[in-house]
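> just to be clear, the model below is a prediction. Sequence and coordinates:
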Amino acid sequence: MNKHRTAAWVTAVLCVSPAFAQREMVSFDPPGSVGVVPFSINNGGVVTGNYDDAIGQRHGFVRSAAGAITSFDPPGSIYTYPSSINDAGAITGYYWDGNFPYHGFVRDALGGFVSFDPPSGFLYLSSLLINAGGAVTGSYGSATEWHGFVRNAAGVITLFDPPGSINTGMSGINATGTISGVFSTAPLTPGHGFVRDPAGAITVFDPPGSIGTYMSGINSAGAISGFYLDASYHTHGYLRDAGGAFLLFDVPGSVSFETRGINTTGAIVGVYIDTAGNVRGFVRDPTGGFLSFDAPGNNPISVAGINDAGSITGSYLKNNRAYGFVFAVTFHSTIQGIASLLSGGEIDNKGIANSLTQQIEAAMNSAGLARIAALNAFINHVKAQSGKHISVAGAQMLLDDAYALLAGS
């Protein structure tokens, strides 16, 4: 495995909450890869996606929060396309064995596979997503039409479409089984959004002023993120709550952007093109603040998703080759954060900063229960100094970091 860290804690901050103020970008590449594309990250920091080998075959991979990478393929596969992982480590996607139709799969955390096929007469599967309970949603189709399905954890498949749809695509399924997606009613026409509740009722929607609606995910509260085009073909973002109310936004400094995911807190990630033509990543935090981040060497970046700890995964292009990344809280970024708080006056006592640094170093250099104990000691120390020798905002940043590190321990 090739892995390196990039000093990219904050490339450009456009007014962002402390929860996103310190991150570190770690690049990765599965062994034998000539190009890797991560697709999904769970709340434990585990990433799944695919990579191509030197002879052109495509394989799945799963990367642990500690950086260990395991390659996998369903039996008989020559092209494997994992697309989603849940917190139990179950992965869904589809594969091709050289014959049609494509086959769907669920890979459990121990590496066991269950396969399933699209309905008779259809050749393809796409956009497969898995929730906490093991339910899978996605699309099946042909060259001219796509339809939706949901497969419950017992393997029972239910087919569905919004009214009049000939192209139905999925963007998310949350723990309750609520599904979000987009659809169109005629070829080459703009799309509309929809949400399907666990009982099967479908609500169609478009943000105000939209002539084409796109979606990037749904969180545990039923909030949906996405973007849309207005009548002048300008891009805007939206957040739709479970009650159907919209909050519209734009990414500062962008000429165009796409949202790519939302987490439980309401943080939204995506990519944008700035006025100089650079492709950059962004996070919109739950308060409406934005953070921009860049790939190593300012290479073009693609963002795949965000977990509840705020860890982001995706890929970037360097010399026409794709590399994976995780942009997340790490022990190194937390140490950097302590130093930044001290230099900025948010920690007013050097001895306390040194003690906090030593606690993070102790956690970094330990494992298992010893690491958890060290992180809990750090948390208690920060809480005791919050509003005293550490500003309240600075303490919250450090607590957010520590909880993210605990989630990956």
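Nice, thanks for sending it over. Residues are numbered from 1 along each chain as shown.

> which residues of the stretch 1-150 of the chain fall in strands?
Applying DSSP state E, counting those that start in this stretch to the stretch 1-150 of the chain gives strands spanning 2-6, 12-14, 24-29, 35-41, 47-52, 58-63, 69-72, 79-85, 91-96, 103-107, 113-116, 124-130, 136-141, 146-151.

> out of those strands, the one nearest S355 is which?
strand 24-29 (21.9 Å; Cβ to Cβ). Where you see a C-beta, it was placed from the backbone N, CA and C, and this is true even at glycine.

> from F116, how far off is T158?
13 Å (Cβ to Cβ, to the nearest Å).

> my bad, V46
From V46 to F116 the distance is 23 Å (Cβ to Cβ).

> can you check R196 too?
20 Å.

> so for those two, which sits in the more crowded spot?
Of the pair R196 and F116, R196 is the one with more neighbours under other Cβ atoms under 10 Å, namely 23 against 16.

> that one and I179 touch, don't they?
Yes: using Cβ atoms under 8 Å, R196 makes contact with I179 at a distance of 4.4 Å.

> so for these two, which residues contact both of them?
With contacts defined as Cβ atoms under 8 Å, 6 or more residues apart in numbering, the residues shared by R196 and I179 are G148, V150.

> list the beta-bridge partners for the residue nearest the centre of the chain.
Note on the chain: the residue nearest the mean C-alpha position is G305, at 1.5 Å, using Cα atoms, centre = their mean. According to DSSP bridges, the partner residues bridging G305 are T313.

> residues contacting it?
So G305 contacts F39, S40, I41, G217, R260, G261, V269, I312, T313, G314 (Cβ under 8 Å, 6+ apart).

> tell me who's in contact with the fourth one.
With contact taken as Cβ under 8 Å, 6+ apart, G217 is in contact with S171, G172, S180, I224, S225, T259, R260, G261, I262, G305.

> now the last one
Contacts of G314 were listed using Cβ under 8 Å, 6+ apart, and they are P38, R260, G281, I301, S302, V303, A304, G305, G324, F325, F327.

> tell me which two in these are the farthest apart.
R260 and G324 (14.7 Å).

> so where's the chain uncertain?
1-22 (pLDDT under 70).

> distance between the longest helix seen in it and the chain's centre?
The longest helix of the chain (DSSP state H) is helix 368-385. Its chain's C-alpha centre and that of helix 368-385 lie 27 Å apart, by Cα atoms, centre = their mean, to the nearest Å.

> before we move on, the earlier item: which one, of the strands of the stretch 1-150 of the chain, ends up nearest to L405?
strand 24-29 (11.7 Å).

> in this structure, mark out all the helices, start to finish.
Using DSSP H, helices in the chain cover 331-343, 350-364, 368-385, 392-407.

> just name the closest of the contacts of G305 to H236, please.
Taking the contacts of G305 together and measuring to H236 by Cβ to Cβ, the closest member is R260, at 15.3 Å.

> show me the contacts for the closest one.
S216, G217, V269, G270, V271, V303, A304, G305, G314.

> for the residue nearest to Y403 when sequence neighbours are not counted, grab the count of nearby residues.
Spatial nearest neighbour of Y403, chain neighbours left out: A309 (7.0 Å); criterion: Cβ to Cβ, 6 or more residues apart in numbering. By other Cβ under 10 Å, the residues close to A309 number 25.

> repeat for V156
9.

> again, but for R371
19.

> repeat for R280
24.

> wait, doesn't it sit right on V271?
Yes: with contact defined as Cβ under 8 Å, R280 and V271 form a contacting pair (6.8 Å).

> quick one: which of the contacts of R260 is nearest to E145?
The nearest one, if we look at the contacts of R260 relative to E145 and count by Cβ to Cβ, is S216, at 23.1 Å.

> so what's that closest one closest to, chain neighbours aside?
Counting by Cβ to Cβ, 6+ apart, the residue nearest S216 is T259, at 4.2 Å.

> how much space between that neighbour and I179?
17 Å.

> can you check P162 too?
11 Å.

> who has more neighbours out of those two?
Taking other Cβ under 10 Å, P162 and I179 do not tie; I179 has more neighbours (27 against 20).
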